[in-house]
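Q: Need coordinates for the below:
(one chain, ligands or ions: 1)
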Amino acid sequence: MTEIEIRDRQEQLNAILSSMAEGLIAIDNERRIILMNQAAGILLRTAPPEAAGQEIKQILAIYRDNQPLVYQDLPIEKAIAERDIISIGLLDNLSVKAKNGRLFPIAMTIAPLLAKGEISGAIILFRDITKDREIDQAKTEFVSLASHQLKTPLSAINWYSEMVLEEEVGPLNEKQKEYLKNLYDANRRMVELVNSLLNVSRIDLGAFAVEPSPTDFSAVADEVLTELKPQIDLKKLRLDKEYDKQVPSINADPKLLRIIFQNLLSNAVKYTAPNGVIGLALKKEGDNILIRVTDTGYGIPAADQGKIFTKLFRADNVRDKEAEGTGLGLYIVKAVVEAGGGRIWFDSLEGRGTSFFITLPLAGMKKKAGTRGLT
Ligand code: ADP
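A: Prediction:
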């Protein structure tokens, strides 16, 4: 190749890179920038020549939920270590802070840079997804509004079917009673679904409040267990309770705590075959209170365990056995636990049973302002 041809190629390559709409940064093995295109420069408010040779962490400050990520946790390191392409999207909630202080949400792809089979750095492609966020937000607001509107007619159906069912307006024959009871139950399920959808939209909009007050965990748990007693008895389940005496009252939002117990315990009951055992333990462990809900039920198939906290997910092994369910409960529980400064995880073996664990700090949940609570 002649010198002119090389220069032409170089110019062509530069034109391609500077015409790209996405930001592109290439780094070497020392994590220093070897190339940055114009779009990246505009997004980060840093001139590409100024960025060259600098460490990537000085230029690309990545945040999750408004907290800066520790460098070791960056997806860049993961892509290099695993020699794999990593994609970050809307749901990962990552943002970048530009030099002028503007924080904007990003989607990003990171690929290891390979030269002769050896890793010689990484290529980072990213774009501003503010618009995508806005569309997503508008969809969530729509779900919130629609669920809210559905509540009024559903309450009316509930109210009137209950009145007719109780024969307040005249006697019913057996068939009429049976059909009306089905109608009443289906409506109740719909109310639960609409409430869950409202909760999910409030979570996704970041709009739910946390209002802690001194709360006795065992009292809230017992209240929920009393409500579940008919189902527990119907299935002839044994209930093992193990409450640590040392568990003090903790500053926690009682409504949120109820949501946690309600979902985990009703799942344990729902997903356990008759004559099984369910258990609830409350323990003090270091600086935390540990809630453990166990069952000897259907379990969660290993292949589905990664998806269990995602919205609307229900595993195949329970869907044919138990028609009732929305796949929203655990998503809500996880959000609630995390908003309360806690952690949730589980252990499960298909066909043997499941244990869910939650820790919440004894120091209590932090108050969080919000437009509405969860129901
Ligand atoms: P739902 O119970 O309404 O379907 P959840 O979000 O509470 O929704 O749970 C999501 C899925 O996780 C369930 O559909 C089920 O597949 C699985 N799961 C949750 N808890 C258990 C459990 N205790 N045993 C077995 N599977 C469970």
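Q: Low-confidence regions, the stretch 101-250 of the chain specifically.
A: The model of the stretch 101-250 of the chain has no residue with pLDDT under 70.
Q: Looking at it, which residue is nearest the ligand?
A: Residue nearest to the ligand within the stretch 101-250 of the chain: S196 (7.9 Å; Cβ to the nearest ligand atom). Heads up, the C-betas are built off the backbone N, CA and C, glycines and all.
Q: Quick check: closest non-adjacent residue to that residue.
A: L328 (4.1 Å; Cβ to Cβ, 6 or more residues apart in numbering).
Q: Run a quick neighbour tally on G341.
A: 15 (other Cβ atoms under 10 Å).
Q: same check, this time on D204
A: For D204, using other Cβ under 10 Å, the count is 19.
Q: was I right about it contacting T140?
A: Yes. Using Cβ atoms under 8 Å, D204 is in contact with T140, at 4.6 Å.
Q: what does the stretch 151-300 of the chain put close to the ligand?
A: In this structure, the stretch 151-300 of the chain approaches the ligand at residues N263, N267, A268, Y271, D295, G297, Y298, G299, I300, judged by Cβ under 6 Å from any ligand atom.
Q: Could you pull out the strands in the stretch 1-150 of the chain for me?
A: Under the criterion DSSP state E, counting those that start in this stretch, the stretch 1-150 of the chain carries strands at the ranges 23-28, 33-36, 61-64, 67-68, 86-88, 94-97, 103-115, 118-128.
Q: For P48, find the nearest of the ones you listed.
A: strand 33-36 (4.3 Å; Cβ to Cβ).
Q: before we move on, back to that, could you redo the strands of the stretch 1-150 of the chain as CSV and give each row mean neighbour count and distance to the ligand?
A: As requested, the strands of the stretch 1-150 of the chain are arranged in CSV below (neighbours: other Cβ atoms under 10 Å; distance: least, Cβ to the nearest ligand atom, whole Å):
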stretch, mean neighbour count, distance to the ligand
strand 23-28, 20, 37
strand 33-36, 20, 43
strand 61-64, 17, 23
strand 67-68, 10, 27
strand 86-88, 17, 25
strand 94-97, 20, 25
strand 103-115, 17, 26
strand 118-128, 19, 32
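Q: I'd like those strands as CSV, with distance to V337 appended.
A: Shown next, in CSV, are these (distance: least, Cβ to Cβ, whole Å):
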stretch, distance to V337
strand 23-28, 35
strand 33-36, 39
strand 61-64, 17
strand 67-68, 18
strand 86-88, 24
strand 94-97, 22
strand 103-115, 24
strand 118-128, 31
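Q: Please identify the one among those strands that comes closest to A252.
A: Nearest to A252, of those and by Cβ to Cβ, is strand 67-68 at 23.0 Å.
Q: The residue nearest the centre of the chain and L197, how far apart?
A: Taking Cα atoms, centre = their mean, the centroid of the chain lies closest to Y331, which sits 5.1 Å from it. Separation of Y331 from L197 (Cβ to Cβ, to the nearest Å) stands at 11 Å.
Q: One more: K97?
A: Counting by Cβ to Cβ, the gap from K97 to L197 is 34 Å.
Q: what's the answer for K57, then?
A: The value you get for K57 to L197, if Cβ to Cβ is used, is 40 Å.
Q: again, but for D316
A: 23 Å.
Q: between these two, which one's more packed in?
A: Taking neighbours as other Cβ under 10 Å, D316 and L197 compare with L197 leading, 18 against 9.
Q: In a helix, that one, correct?
A: Yes. Counting by DSSP: H, G, I helix; E, B strand; the rest coil, L197 is part of a helix.
Q: Please renumber the chain so that the first residue is 349 from this point on.
A: New numbering, starting at 349: the last item is L545.
Q: That one: what's its closest spatial neighbour, skipping adjacent residues?
A: Per Cβ to Cβ, 6+ apart, closest to L545 is S495, 4.3 Å.
Q: Give me the neighbour count for that neighbour.
A: 20.
Q: correct me, but it touches R550?
A: No. S495 is beyond contact range of R550, at 9.8 Å (criterion: Cβ under 8 Å).
Q: isn't L697 right up against G647?
A: Yes. With contact defined as Cβ under 8 Å, L697 and G647 form a contacting pair (5.1 Å).
Q: Show me which of the two is the more surrounded one.
A: Of the pair L697 and G647, G647 is the one with more neighbours under other Cβ under 10 Å, namely 21 against 12.
Q: and the more buried one, that one's in a helix?
A: No. Counting by three-state DSSP, one finds G647 to be coil, located in no helix.
Q: contacting residues for the residue of the stretch 449-598 of the chain closest to the ligand?
A: T674, L676, G677, I680 (Cβ atoms under 8 Å, 6 or more residues apart in numbering).
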